[in-house]
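1. Here is a sequence together with a model predicted from it:
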Amino acid sequence: MIRKLHCILRLHGTVSQTLYRKQAPTIFSRNYATNEGSANAEDTNKNNNAKRADAAGGSSKSLPAIRNPFAAAQEKTKNTYLTMVEIFEERDVHRRNHVEFIYAALKHMPDFGVEHDLEVYKALINVMPKGKFIPTNVFQSEFMHFPKQQQCIIDLLEQMEDYGVMPDYEMEAMLLNVFGKKGHPLRKYWRMMYWMPKFKNLSPWPLPDQVPDDTLEIAKLAVERMCTVDLRSKVNVFETKELKDSLDDTWIVSGMSPEQSKLLKEHSPQKALYIEGPFHIWIRNRRINYFTLRADADAELLAQLDERQLDEDDVSQIGVPFFGRPPPRRHNQLGQVRSVHQQDDGTIFAICATGTSTKDSLLSWIRLLELHGFATLGEIPVLFRFTSTVPAKAEEIAGPSNVPANTRDTTNSNKTQSDINP
């Protein structure tokens, strides 16, 4: 009975298709234009295209051009940025071209100053449609279902990682609603939440979340960080206006410890001091130039101090205080101990950072130190020794001189020395 029913249905379908072909033969037939009628066919196509353009509301020249709203914005603020994101969300229900919009928004983040704002990154993730990109089987989850959209959000998370923006648990819920628990962006989020909290508080020199834009404040942070080698170090801020003969009107951040002050006062007037630099230190994304005041190392004194000190890691001679033997007496319990500022390549007396990093500002630094308790600096020859990886920078600091093109060589020909004593 069932077989007869299948035969009847198949016969009925074949008969209805034959009748439909007889009623509308032009639908299933193909017309190939000959050489003689090709001109008429082209005219017909042009007329059809013109009709379509008129039905769309005009010619193609009158269509509005696609523009980047972030590049055309006049006011570069966070509110303007978030307003453009909200306009894109409300413009279309399907949110077409949302991937291109997110990439354009990521590119122009530094222009609006929102590259470190977590709220802005959440707003961009909220642009993605919800539920459409969730994989439904194992193959979709492993072979990256909707790869273009997933890679877009992965790039967004990588930019957050580059700028040091740590996500929160609300972002996890947003990614779960968009890509599901098997999505690759959620895996990237989990890796970030594992490693970023470990590295966030790992630095012994923590910085505020918002680093100040003032160069003086950043220089203070830099000098304080370098002076942590001696916890008794003090950081002082001088103004070159205190000196009458100063040419540069700028500030000077100087760092020195009591141990360095003692070493500087005991320094022999017969041995010269050197101002070396500029050296670089980075405070997040800001670079600060600093200089050091140092002298050549006293090899004989350092050898004597090293002889009096015992190496605590040397286990070749261990004195065991048993069987009536007295405990070994350390030689450096009494007497002079080598300071942390007395290195093998020289003794560092002070460091500084100036607002202009010029020779006149460094000369003002020496004179200000002379006025603040170091009168012996007037009797000691002080020499400049500038080294820079950029020849233009060395010429800017030391003045117009013969600066070699290859500044990687640290020989005496690459060091500009001049006596700054009046």
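-> That came through, no problem. Residues are numbered from 1 along each chain as shown.
2. C-alpha only now, for contacts and for neighbours.
-> OK.
3. Show me the shaky parts of the stretch 51-200 of the chain.
-> Scanning the stretch 51-200 of the chain with the threshold set as pLDDT under 70 gives 51-67.
4. mind running it again at 50?
-> Residue ranges of the stretch 51-200 of the chain with pLDDT under 50: 51-53, 55-65.
5. ok, which stretches of it are helices?
-> 69-72, 78-91, 98-107, 109-112, 118-125, 138-142, 147-162, 169-179, 184-200 (DSSP state H, counting those that start in this stretch).
6. Are there helices or strands packed against the first one, and which ones?
-> This means helix 69-72. helix 78-91 (3 or more CA pairs under 8 Å, 6 or more residues apart in numbering; DSSP states H and E).
7. by how many degrees do the helix it packs on and helix 118-125 diverge?
-> Taking axes from the mean of the first three to the mean of the last three CA atoms, to 10 degrees, one finds that helix 78-91 is oriented at 20 degrees with respect to helix 118-125.
8. Is residue 188 in contact with residue 153, as I believe?
-> No: judged on CA atoms under 8 Å, residue 188 makes no contact with residue 153 at a distance of 9.5 Å.
9. Now do the strands in the chain.
-> 234-239, 251-256, 273-283, 286-295, 342-343, 346-354, 382-386 (DSSP state E).
10. Residues contacting the fifth one, please?
-> Okay, so that is strand 342-343. Strand 342-343 is contacted from outside by 297, 348, using CA atoms under 8 Å, 6 or more residues apart in numbering.
11. Could you do the second one as well?
-> Residues from elsewhere that reach strand 251-256, judged by CA under 8 Å, 6+ apart: 216, 219-220, 223-224, 227, 233-240, 349-355, 361, 365.
12. re the thing from before, more crowded one of residue 188 and residue 153?
-> Between residue 188 and residue 153, residue 153 has the larger neighbour count (other CA atoms under 10 Å), namely 24 against 14.
13. Give me the nearest residue to that one, chain neighbours excluded.
-> Distances taken as CA to CA, 6 or more residues apart in numbering put residue 185 closest to residue 153, at 6.3 Å, once the chain neighbours are dropped.
14. Distance check, the closest residue to residue 126 other than its chain neighbours against residue 288.
-> Of all residues not flanking residue 126 in the chain, residue 174 sits nearest, at 7.2 Å (CA to CA, 6+ apart). Here the criterion is CA to CA, to the nearest Å. By it, residue 174 lies 40 Å from residue 288.
15. Would you mind telling me which of those two has the busier surroundings?
-> Neighbours per residue (other CA under 10 Å) separate residue 174 from residue 288, with residue 288 holding more: 20 against 17.
16. hang on, the more buried one packs against residue 226?
-> No: assessed by CA under 8 Å, residue 288 is found out of contact with residue 226, at 11.9 Å.
17. Contacts only, for the residue nearest to residue 153.
-> With CA under 8 Å, 6+ apart, residue 185 has these contacts: 150-151, 153-154, 157, 175, 179.
18. cool, residue 125 as well?
-> 153, 174-175 are the contacts of residue 125 under CA under 8 Å, 6+ apart.
19. Same list, those, but as a markdown table with distance to residue 102 please.
-> Shown next, in a markdown table, are the contacts of residue 125 (distance: CA to CA, whole Å):
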| residue | distance to residue 102 |
| --- | --- |
| 153 | 9 |
| 174 | 16 |
| 175 | 15 |
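20. just to revisit the earlier point, and the gap between the residue nearest to residue 153 and residue 174?
-> Distance, residue 185 to residue 174, by CA to CA: 11 Å.
21. on that earlier part again, in PyMOL, select just the buried ones from the contacts of strand 251-256.
-> Those of the contacts of strand 251-256 that count as buried under 16 or more other CA atoms under 10 Å are selected in PyMOL with:
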select buried, resi 216+219+220+223+224+227+233+235+238+239+240+349+350+351+352+353+354+355+361+365
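22. Please enumerate residues in contact with stretch 193-208?
-> 166-167, 225.
23. Mind doing that once more with 10 Å?
-> Stretch 193-208 has contacts (CA atoms under 10 Å, 6 or more residues apart in numbering) with 161, 164-169, 172, 187, 192, 221-222, 224-226, 228, 283-284.
24. Return the set of buried residues in it.
-> For stretch 193-208, a neighbour-count test (16+ other CA under 10 Å) marks 193, 196 as buried.
25. ditto for stretch 254-262
-> Those would be 254-257, 260-261, for stretch 254-262 by 16+ other CA under 10 Å.
26. got a list of what residue 369 touches?
-> 238, 254, 350, 375-377.
27. List buried residues within the contacts of stretch 193-208.
-> Using 16+ other CA under 10 Å as the burial test, the contacts of stretch 193-208 include 164-167, 172, 192, 221-222, 224 as buried.
28. picking that back up, I'd like to know which of the contacts of residue 369 is nearest to residue 245.
-> For those, the closest approach to residue 245 (CA to CA) belongs to residue 238, at 15.1 Å.
29. beta partners for that closest one?
-> Under DSSP bridges, the beta-bridge partners of residue 238 are residue 252.
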